[in-house]
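Participant: my questions concern the predicted model and sequence given below.
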Amino acid sequence: MEVSVIIPMYNEEDNVFITLNEVKKVLKTCGNYQIIAVDDGSNDRTLELLKDYARENPELVVLEHPVNMGMGKALRTGFEKAEGDVIVTLDADLSYEPQYITKLINALHQQHLDIVIGSQYMEGGETEDIPFIRLFVSKMANKIVGYALDRNISTVTGILRAYRKEVLDSMEIESTGTEINPEILSKAIAIGFEVKEIPVKLKGRELGESKVQFRATTISHLLFTFYEKPMMLFGVIGLLMCLIGIISAVYLFYQYLVGTLDPNRPLMLFMVLMIIAGIQILIFGFVATQISLLKREIYIIQKENKLLNKKLK
């Protein structure tokens, strides 16, 4: 099997036939392929339509979750059943044109890469008919999470990607939500896989409603960022507390010089607490950063274990 395309679907009855037909047209030029559609507990006719399509098109593999478990879990289910040497992930609403599938695969092979990301935020990338608030939040999230990854990657959270199968086979993926995309990138970069972006256009959804919950997605991405770079949280809080303590100390010193200092004022205790607490939090951040750096060694060991287990099977 050369290519597997994984498409998670949740309440996408309006897009099922359109998306699958468009993807199938593109994949006809890719040799031997399979399309894996994962119904993530839809409560409309998505699953029924997928099964109807599969009867006429044996290259379609339909997987299902009994309840909605999240995009990350849907992708993980697809990864487990994917047989292709190259695995492509794609949205069900055609916000990314299926024609990018071949461009991702060509870049993967021609440039000897391990992961290729379709990026609407890099130079040459475009967005079209995306609501302003959604676009702003998405850009900010990608900048923050991208900074945490120590790589110049513009689109960290996007689903449009092509992977070599050994990349996914070599890591333990844990996420169940949209944070799966930065998680895979983080682990792939730590292990040493080659990652690159190509410019694409992201379009607004034409049919159906978006399933992305922006508040939950934003919170999960922020938590992921702090997990990757603990000093971004501990450092900011620690420095802020130290700064407040120092400002309080300067004010108290001024009162001492002019002879109005009252040693029994609560501000004295407040100053001491702020400085000590700030220093402690900075130390926590330093320790957490050192622990975070150990993850790379853990990921490398996981990779070796998973590949060894695969060979033994």
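Facilitator: That came through fine. Residues are numbered from 1 along each chain as shown.
Participant: quick check: phi and psi on residue 198?
Facilitator: Backbone torsions of residue 198, given as degrees, to the nearest 10, read phi -130, psi 150.
Participant: can you pull the domain assignment for the protein?
Facilitator: Using automatic domain parsing, the domain parsing of the chain gives 3-223, 231-312.
Participant: what is the end-to-end distance of the first one?
Facilitator: When you say that, I think you mean domain 3-223. Counting by CA to CA, to the nearest Å, you get 33 Å between the two ends of domain 3-223.
Participant: what about it, average pLDDT?
Facilitator: For domain 3-223, mean pLDDT rounds to 87.
Participant: quick one: that domain to chain centroid distance?
Facilitator: Relative to the chain's own centre, domain 3-223 is displaced by 10 Å; criterion: CA atoms, centre = their mean, to the nearest Å.
Participant: with mean neighbour count added, can I get the domains of the chain in JSON lines?
Facilitator: All C-beta atoms are positioned from the backbone trio N, CA, C, and that covers glycine. Output for the domains of the chain, formatted as JSON lines (neighbours: other CB atoms under 10 Å):
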{"stretch": "domain 3-223", "mean neighbour count": "19"}
{"stretch": "domain 231-312", "mean neighbour count": "14"}
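Participant: let me know the outermost residue of the chain.
Facilitator: In the chain, the residue that sits farthest from the middle, by CA atoms, centre = their mean, is residue 259; the gap is 57.8 Å.
Participant: torsion angles phi and psi at it?
Facilitator: Phi and psi for residue 259, reported as degrees, to the nearest 10, are phi 80, psi 20.
Participant: name the element the nearest residue to residue 122 once chain neighbours are set aside belongs to?
Facilitator: Nearest non-adjacent residue to residue 122, counting by CB to CB, 6 or more residues apart in numbering: residue 154, 4.1 Å away. Following DSSP states H and E, there is no helix or strand that holds residue 154.
Participant: thought residue 154 was touching residue 127?
Facilitator: No. In this structure residue 154 lies outside contact range of residue 127 using CB atoms under 8 Å: 12.0 Å.
Participant: quick check: residue 139 vs residue 77, distance?
Facilitator: According to CB to CB, to the nearest Å, residue 139 and residue 77 sit 30 Å apart.
Participant: now residue 234
Facilitator: 36 Å.
Participant: what ranges does the stretch 1-150 of the chain have for its helices?
Facilitator: In the stretch 1-150 of the chain, the segments counted as helices under DSSP state H, counting those that start in this stretch are 16-27, 46-56, 71-81, 100-110, 132-148.
Participant: what residues does the last one touch?
Facilitator: What it means is helix 132-148. The contact list for helix 132-148, computed with CB atoms under 8 Å, 6 or more residues apart in numbering, reads 121, 127, 130, 152-157, 182, 186, 214, 217-218, 221-222, 224-225, 228-229, 232.
Participant: ditto for the second one
Facilitator: In this structure, residues lying in contact with helix 46-56 by CB under 8 Å, 6+ apart are 9-13, 16-17, 20, 37, 39, 60-62, 64.
Participant: so which of those comes closest to residue 82?
Facilitator: residue 61 (8.9 Å; CB to CB).
Participant: how much space between that closest one and residue 163?
Facilitator: Residue 61 is 17 Å from residue 163, by CB to CB.
Participant: and if you look at residue 225?
Facilitator: 22 Å.
Participant: cool, residue 82 as well?
Facilitator: The gap separating residue 82 from residue 163 is 9 Å, by CB to CB.
Participant: then residue 197?
Facilitator: As judged by CB to CB, residue 197 and residue 163 stand 14 Å apart.
Participant: can you pull the contacts of residue 190?
Facilitator: Counting by CB under 8 Å, 6+ apart, residue 190 has contacts 295, 296, 299, 300.
Participant: tell me the contacts of the second one?
Facilitator: Yep, that's residue 296 we're talking about. 190, 191.
Participant: secondary structure element holding it?
Facilitator: If you go by DSSP H and E, residue 296 is part of helix 295-312.
Participant: quick one: secondary structure of the nearest residue to residue 271 once chain neighbours are set aside?
Facilitator: Nearest residue to residue 271, sequence neighbours excluded (CB to CB, 6+ apart): residue 248, at 3.9 Å. With DSSP: H, G, I helix; E, B strand; the rest coil as the basis, residue 248 sits in helix.
Participant: show me the shaky parts of the stretch 201-313 of the chain.
Facilitator: The model of the stretch 201-313 of the chain has pLDDT under 70 over residues 205-218, 306-308, 310-313.
Participant: just the helices in it please.
Facilitator: Using DSSP H, counting those that start in this stretch, helices in the stretch 201-313 of the chain cover 214-228, 231-258, 266-293, 295-312.
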